[in-house]
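*Asks:* Got a sequence here, can you model it:
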Amino acid sequence: MTRYHRSMFKKSISTPIVKSHPVFRLNESPVVNKFKIGICAMENKSRSGPMKEILTRLDAQNFFEIIVFTNNMLFEESIDEWPRVDCLIAFYSTGFPLDKAIAFSKKYKPFLINDLEMQRVIRDREKVYSLLKSENVPVPRYQVLKRKEGLNQTLEDFQMLEEHEDHLSINDSVFTKPFVEKPLNADDHNIYIYYPQLL
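*Replies:* So this is what the prediction gives:
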């Protein structure tokens, strides 16, 4: 009968591997790489009351790093000098360098909250209406009246407006007063309101 001495088993028994886990004290928090959100807009928009409220709530989550692009950054710095962000919130207002923001998004590819290319479309009221109609979205009855001659326009592009006591006639379409006329350029806020003479 073979006898085994206990010393023969000492080398065969391996020591269990214990994986260490980080220990955090109650008053400490783990280091987290925050998600960088860039606010790319004119300062009168990015520093407005509603935007400050949104950014304050995001910042309170402790998951985000909010980077607000200043007007100096937008106009004086190249897109290569702009801070790199994971997500870009950019929206157009008068004077905003939209082409520059589009170039930045194409080169560094942050996640976009809103479509920058589409912001070109929403600046043209005629294109907006055409887009809505193509998607079967109901729009109010309207007509396009081009008052000034452009380089790419022909005589057929010009439509006649005839004003009467209680209505207007535009390109054989009749609109009763009161009637609102808006410029095609959405940046232009000079609207005209036609009232019936009885008022």
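
*Asks:* for the residue most central in space within the chain, what are its contacts?
*Replies:* The residue lying closest to the centre of the chain (CA atoms, centre = their mean) is Asn114, at 3.4 Å. Residues near Asn114 by CB atoms under 8 Å, 6 or more residues apart in numbering: 89-91. For glycine as for every other residue, the C-beta is placed from the backbone atoms N, C-alpha and C.

*Asks:* Let's see which of those residues end up in strands.
*Replies:* Judged by DSSP state E, those include 89-90 as members of strands.

*Asks:* if we can go back for a sec, and the residue nearest to the centre of the chain, what helix or strand is that in?
*Replies:* Using DSSP states H and E, Asn114 sits in no helix or strand.

*Asks:* From Ser105, how far out is it?
*Replies:* Per CB to CB, to the nearest Å, Asn114 is found 11 Å from Ser105.

*Asks:* who touches both of those two?
*Replies:* Ala90.

*Asks:* circling back: dump the contacts of Asn114 into JSON lines; add distance to Ser78 as well.
*Replies:* Listed next are the contacts of Asn114 as JSON lines, based on distance: CB to CB, whole Å:
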{"residue": "Ile89", "distance to Ser78": "21"}
{"residue": "Ala90", "distance to Ser78": "16"}
{"residue": "Phe91", "distance to Ser78": "21"}
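
*Asks:* could you pull out the strands for this protein?
*Replies:* Using DSSP E, the strands of the chain run over 35-40, 64-68, 87-90, 111-112, 161-163, 167-170, 173-176, 179-181, 192-194.

*Asks:* so which of those strands comes closest to Ile122?
*Replies:* When those are compared by CB to CB, strand 87-90 sits nearest Ile122, at 13.3 Å.

*Asks:* Might one say that Phe91 is in contact with Met42?
*Replies:* No: Phe91 is not in contact with Met42 according to CB atoms under 8 Å; the separation is 9.1 Å.

*Asks:* got the contact list for the helix-or-strand element of the chain with minimal mean pLDDT?
*Replies:* Each helix and strand of the chain was given a mean pLDDT (mean pLDDT, DSSP states H and E); the minimum falls on strand 161-163 at a mean of 83. The contact list for strand 161-163 (CB under 8 Å, 6+ apart) reads 145, 168-170, 194.

*Asks:* I'd like to know which of these are buried.
*Replies:* For the contacts of strand 161-163, a burial check counting by 16 or more other CB atoms under 10 Å picks out 168, 170, 194.

*Asks:* Among those, show me the least confident.
*Replies:* Here the lowest pLDDT out of those sits on Ile170, with 84.
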